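**Student:** I need the structure of the sequence given here:
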Amino acid sequence: MTRYPLRLSYTVIAPVYDLVVDHATRAARRRSIEGLGDVSRQGVLLVGIGTGLDIPLLPPAEQYVGVDLTHAMLMRARARDRGVLLHQGDAMALPYADAAFDSVILHLILAVVPQPARALGEALRVLKPGGQAAVFDKFLKPGQRAPLRRLVSPVLSRLATRTDVVFEEVLTGCPGAAVINDQPALAGGWFRSILLQKM
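**Tutor:** Alright, predicted model coming up:
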């Protein structure tokens, strides 16, 4: 799957994205961010910042940087400006140096990109040793059959998101990361809040 269909899809989705996603996920996203602890003296990267739904939830930090593939989403994030530096870029090839950030936030992005392990690997690459990554997304459990989710995933993945991602399989492709916390967040545990630490 190329990245172009996703860019086109999210350009179309951008005007209604907040209506669909914000209220349903806000509390879970807030808890995920709070899991990072005190970030006041940190540089924090938001991968797949989208329309900037997380911006109002962010506690004070030394610096926030947000990156997203789609210009239309970033334009909406700019309207929420709280000093967050916004860049257009690919989650699977982040335009930042190794170990550039103290913390990384990955909300609703690993189940969107064509190669979740590559995106997580990039997040870990730009994370300092000992730094933490807050992940919030929908994941199947290892061995979970979920035939309907697996059946519709090839179509949905071209339009907006995958429904067949198994986090444990993604993590296998990313050595050097330890799971610090893993909690069900929404939809009977389909959405999970996961805290990782770079070893």
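**Student:** mean confidence score for the longest helix belonging to the chain?
**Tutor:** Taking DSSP state H as the assignment, the helix of the chain that covers the most residues is helix 4-34. Mean per-residue pLDDT for helix 4-34: 94.
**Student:** go on, stretch 130-144?
**Tutor:** Here stretch 130-144 scores 95 as its mean pLDDT.
**Student:** Show me which positions of the longest helix of the chain end up buried.
**Tutor:** Residues of helix 4-34 classed as buried by neighbour count (16 or more other Cβ atoms under 10 Å): 6-7, 9-10, 13-14, 17, 21, 25, 28-29, 32-33. C-beta here means a position set from N, CA and C on the backbone, and glycine is covered the same way.
**Student:** Repeat that for stretch 83-93.
**Tutor:** Buried, per 16+ other Cβ under 10 Å, within stretch 83-93: 84, 86, 89-92.
**Student:** Do me a favour and average the pLDDT over that stretch.
**Tutor:** 97.
**Student:** picking that back up, average model confidence for the next helix-or-strand element following the longest helix of the chain?
**Tutor:** Where DSSP states H and E defines the elements, the next helix or strand beyond helix 4-34 is strand 43-47. Averaging pLDDT along strand 43-47 yields 98.
**Student:** Run through who's touching strand 43-47.
**Tutor:** Strand 43-47 is contacted from outside by 36, 54, 58, 61-67, 84, 91, 94, 96, 100-107, 109, 119, 122-123, 126, using Cβ atoms under 8 Å, 6 or more residues apart in numbering.
**Student:** Helix, strand or coil: sort out Gln144 for me.
**Tutor:** coil (DSSP: H, G, I helix; E, B strand; the rest coil).
**Student:** quick one, what contacts it?
**Tutor:** Counted by Cβ under 8 Å, 6+ apart, Gln144 has contacts Val166.
**Student:** circling back: closest to Ala133 out of the buried residues of helix 4-34?
**Tutor:** Ser32 (10.3 Å; Cβ to Cβ).
**Student:** Can you flag which of the contacts of strand 43-47 belong to helices?
**Tutor:** Per DSSP H, the subset of those in helices is 119, 122-123.
**Student:** Of the residues you listed - the most surrounded one?
**Tutor:** Ala123 (27 neighbours; other Cβ atoms under 10 Å).
**Student:** Leaving out chain neighbours, which residue sits closest to it?
**Tutor:** The shortest distance from Ala123 to any non-neighbouring residue, by Cβ to Cβ, 6 or more residues apart in numbering, is to Val104 (4.7 Å).
**Student:** Next up, the contacts around that neighbour.
**Tutor:** Neighbouring residues of Val104 by Cβ under 8 Å, 6+ apart: 44-47, 123-124, 126-127, 131-134.
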